[in-house]
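Student: After the sequence you'll find the predicted model.
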Amino acid sequence: MVVLKTKAEIDKMRIACSIVREVLEKLEDFVKPGITTLDVDKFAESIINSRDAVPSFKGYRGFPASVCTSVNEVVVHGIPGDRKLNDGDIVSVDVGAFIGGFHGDAARTFAVVDISEKSERLIRVTRESFFEGIKKAVIGGRLTDISNAIQTHVEAHDYGVVRDFFGHGIGRELHEEPTIPHFGRANRGLRLRAGMVVAVEPMVTEGDYSVTTLKDGWTAVTSDGSLAAHYENTVAITSSGPEILTL
């Protein structure tokens, strides 16, 4: 069941989303060669806790860290650890914060200093695909209008859009209905309504879109070893159009 949010509830979600936004903005300067993905995790957690919030992901279904850190071929759900970031890497960081009974959720892919032009292009197209999708996040539209717009943009640039992981509703629970694919035919699925709040998060691969989950049960990598990028925001559907709460 899709849970529609009141204006007051969306106002509360803005607080959680502002913390997520702060973390991601501060990571722009923090991410550099020589730090580990665990350093990223500790840095993000310290900001979240300093705002009297808690990390949404820590302990969620057994996840052992506060954020997901996904380097190069890792698509999503990378577990922070002793892996050091090197010049030329790209790292996707997925951040969630919970405060006042509500979650916020967003992800960005960061460049570790001097990345290649092809890596820059992958990050750019992934970000663009999100905004193409969100143009369709309007009252009366269909859920898969978002999906199709994302896929169309990604594939126009000869990239793959991951089929194994989806966007989702968000609110009092980190993952709520509806489930939002980032691919598919338009004009299908439920009608979009005011009060829906969703996390849309295209994951885009430089090569084939298929992924493999490692033995840790979390870390998903591209099956062909190609690079992947991730871009996500929490978005409220309102009478005046989509409002991106994590920007």
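Tutor: Happy to help now that I have it.
Student: And for Val154, nearest residue in space, chain neighbours not counted?
Tutor: The shortest distance from Val154 to any non-neighbouring residue, by C-beta to C-beta, 6 or more residues apart in numbering, is to Val161 (4.4 Å). C-betas here are computed from N, CA, C, even on glycine.
Student: hang on, I meant Asp89
Tutor: Nearest to Asp89 is Val112, by C-beta to C-beta, 6+ apart, at 4.2 Å.
Student: same question, Leu247
Tutor: Asn233 is the one closest to Leu247 (C-beta to C-beta, 6+ apart), at 6.1 Å.
Student: On the three-state scheme, the one you found is what?
Tutor: Assigned with DSSP: H, G, I helix; E, B strand; the rest coil, Asn233 falls in the strand class.
Student: what bridges to it?
Tutor: Residues in a beta bridge with Asn233, per DSSP bridges, are Val200.
Student: For it, grab the count of nearby residues.
Tutor: By other C-beta atoms under 10 Å, 26 other residues sit near Asn233.
Student: again with Ser18
Tutor: Per other C-beta under 10 Å, the neighbour tally for Ser18 reads 17.
Student: Excluding chain neighbours, give the residue nearest to it in space.
Tutor: Gly104 (7.5 Å).
Student: Who are the contact partners of that neighbour?
Tutor: Neighbour list for Gly104: 13, 15-21, 56, 96-97, 170, 234, 245-246 [criterion: C-beta atoms under 8 Å, 6 or more residues apart in numbering].
Student: just checking, it is part of a strand?
Tutor: Yes - remark: Gly104 belongs to a strand, assigned using three-state DSSP.
Student: What is the neighbour count of Ala107?
Tutor: Neighbour tally, Ala107, other C-beta under 10 Å: 27.
Student: quick one, phi psi at it?
Tutor: Main-chain dihedrals, Ala107, degrees, to the nearest 10: phi -140, psi 150.
Student: In strands only, show me the contacts of Gly104.
Tutor: Counting by DSSP state E, those place Gly96, Ala97, Thr234 in strands.
Student: that older thread, show me what contacts the residue nearest to Val154?
Tutor: Ser129, Ile150, Gln151, Val154, Glu155, His182, Phe183, Pro202, Met203, Val204, Thr205, Tyr209.
Student: Name the residues of the lengthiest helix in the chain that are buried.
Tutor: Identified as the longest helix of the chain according to DSSP state H is helix 7-30. For helix 7-30, the buried set under the neighbour-count rule, 16 or more other C-beta atoms under 10 Å, comprises 9-10, 12-24, 27.
Student: distance of the residue nearest to Asp89 from Ser119?
Tutor: Distance of Val112 to Ser119, given as C-beta to C-beta, to the nearest Å: 10 Å.
Student: Likewise for Ile79?
Tutor: Distance of Ile79 to Ser119, given as C-beta to C-beta: 22 Å.
Student: Over to Ser66?
Tutor: Distance, Ser66 to Ser119, using C-beta to C-beta: 26 Å.
Student: Looking at the two, which has the bigger crowd around it?
Tutor: Higher neighbour count among Ser66 and Ser119: Ser66, with 27 against 20, using other C-beta under 10 Å.
Student: Brilliant, that's me finished.
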